[in-house]
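**Q** just the structure for this:
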Amino acid sequence: MSGDFQDERAPSVLTLVRGRADRLRNLMRGLARQTLPPRELIIAWMQPERAPDLPDPGCPVRHLHVPGEPMPLAAARNRAAEAASADLLVFLDVDCIPAPRLVAAYAQAAATTRGLFLGEVLYLPPGAATGDPDPALLDRLGRIHPARPALPETGLRPEPDAGQLWGLSFALPAASWRAVGGMDEAFVGYGGEETDLAARLAASGLSTFWVAGARAYHQHHPVHVPPLQHFAAILANAARFRARHGRWCMTYWLDQFRAAGLIDWHADAPAIRLIRPPTGPEIAAALRPDALFS
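**A** A predicted model of the protein is given here:
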């Protein structure tokens with residue numbers, strides 16, 4: 001790509017961090033391998049202190065501190081977006097290592113059309129991301145999430161359902177983010193804020209696309225199946241989403257909670273009726289150390 005393209009089109013990459021400094025270092029090493037270096041990396045720290053010994057990501061780094069309990073996910077994304085200087089925002093979860101063409105693929109998509117852009121995420125098994133592994137090895141080890149479609153080999157594929165947005169890896173014009181007011185900080189704790197953003201972006205007329213080549217690798221961590229540790233937040237945020245949009249989100253998890261006898265709910269229900277919260281032993285039993293997907 002030309003130098004002009006790099007100067008004018010290089011996006012800002014934004015990530016949120018609490019703990020997981022080893023994951024962040026791998027993300028930064030991945031940015032250092034980009035065929036198109038980002039304009040900047042903005043790290044929103046949801047903790048008092050930065051992690052030490054961070055590697056050079058091959059671009060300027062800006063640090064923000066966004067306090068809050070529970071984790072202020074929506075607020076941290078908003079503060080990072082407000083600080084970004086590029087016309088294109090690339091949101092990358094701290095658990096993700098970008099493949100070498102991720103930044104260039106998102107930038108090329110934004111040069112082609114205006115949209116909400118979704119990238120492919122391959123899920124890595126335990127131990128795969130140790131020792132700064134080569135992307136070719138990660139390509140062999142990574143697995144596609146069973147709920148994700150196969151991506152095009154080149155170019156863009158329109159996605160009619162903006163709700164396919166997951167927060168691991170996506171990009172959009174900064175102007176589009178500002179036009180809808182960013183993420184709704186009334187979504188507190190885990191769940192719902194990304195789907196709400198996607199719905200508001202779609203209502204604003206922004207189309208959604210899958211992007212070939214914008215691959216990232218999700219570094220493994222234990223998951224709860226279902227995510228009982230976020231039970232209260234998921235119920236509250238699902239109710240907030242329905243009040244705004246007239247439909248439910250996170251229905252897969254709500255179905256799992258219903259199957260566990262914790263709630264009375266169905267897709268046409270106007271509200272969720274709490275039967276009982278999960279117990280501590282139930283939450284512990286839901287932990288799946290080796291599961292790739294939640």
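**Q** sec struct for residue 170, please.
**A** Taken by DSSP: H, G, I helix; E, B strand; the rest coil, the conformation at residue 170 corresponds to strand.
**Q** wait, what's in contact with it?
**A** 90, 91, 116, 117, 118, 119 (CB atoms under 8 Å, 6 or more residues apart in numbering). Bear in mind the C-beta positions are built from the backbone N, C-alpha and C, glycine included.
**Q** among those residues, which lie within helices?
**A** Assignment to helices by DSSP state H places none of those there.
**Q** of those residues, closest to residue 236?
**A** When the contacts of residue 170 are compared for distance to residue 236 (CB to CB), residue 91 wins out at 23.2 Å.
**Q** let me see the confidence value for the closest one.
**A** At residue 91, the model reports a pLDDT of 98.
**Q** what's the answer for residue 290, then?
**A** In this model, residue 290 is scored at 80, pLDDT.
**Q** model confidence for the closest residue to residue 146 other than its chain neighbours, exactly?
**A** Excluding the flanking residues, the one nearest residue 146 by CB to CB, 6 or more residues apart in numbering is residue 293, at 6.7 Å. Residue 293 is assigned 76 on the pLDDT scale.
**Q** hang on, the earlier thing: which among the contacts of residue 170 end up buried?
**A** 90, 91, 116, 117, 118, 119 (16 or more other CB atoms under 10 Å).
**Q** in the protein, mark out all the helices, start to finish.
**A** Using DSSP H, helices in the chain cover 3-9, 21-32, 73-83, 102-112, 135-141, 174-179, 193-203, 231-245, 251-259, 280-285.
**Q** which helices and strands does the second one pack with?
**A** In this case it means helix 21-32. Packing contacts for helix 21-32, counted by 3 or more CB pairs under 8 Å, 6 or more residues apart in numbering; DSSP states H and E, involve strand 12-17, strand 40-45, strand 96-98.
**Q** ok, which of the helices of the chain comes nearest residue 185?
**A** Of all the helices of the chain, helix 73-83 sits nearest to residue 185, with 4.6 Å by CB to CB.
**Q** pull that closest one out as PDB, backbone CA atoms only.
**A** In PDB, the C-alpha atoms belonging to helix 73-83 read as follows (Å, rounded to 0.1, in the frame of the first residue of the first chain):
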ATOM      1  CA  LEU A  73     -17.000  -2.000  29.600                       C
ATOM      2  CA  ALA A  74     -19.200   0.500  27.800                       C
ATOM      3  CA  ALA A  75     -17.600   3.600  29.500                       C
ATOM      4  CA  ALA A  76     -14.100   2.300  28.600                       C
ATOM      5  CA  ARG A  77     -14.900   1.900  25.000                       C
ATOM      6  CA  ASN A  78     -16.500   5.400  24.900                       C
ATOM      7  CA  ARG A  79     -13.500   7.000  26.500                       C
ATOM      8  CA  ALA A  80     -11.100   5.200  24.100                       C
ATOM      9  CA  ALA A  81     -13.200   6.300  21.100                       C
ATOM     10  CA  GLU A  82     -13.300   9.900  22.300                       C
ATOM     11  CA  ALA A  83      -9.500   9.900  22.500                       C
END
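**Q** tilt between it and strand 12-17?
**A** Per axes from the mean of the first three to the mean of the last three CA atoms, to 10 degrees, the angle that helix 73-83 makes with strand 12-17 is 150 degrees.
**Q** what comes up buried for helix 73-83?
**A** Of the residues in helix 73-83, 73, 74, 75, 76, 77, 78, 79, 80, 81 count as buried by neighbour count, 16+ other CB under 10 Å.
**Q** tell me the pLDDT of the residue lying closest to residue 195 once chain neighbours are set aside.
**A** Distances taken as CB to CB, 6+ apart put residue 249 closest to residue 195, at 4.4 Å, once the chain neighbours are dropped. Residue 249 carries a pLDDT value of 94.
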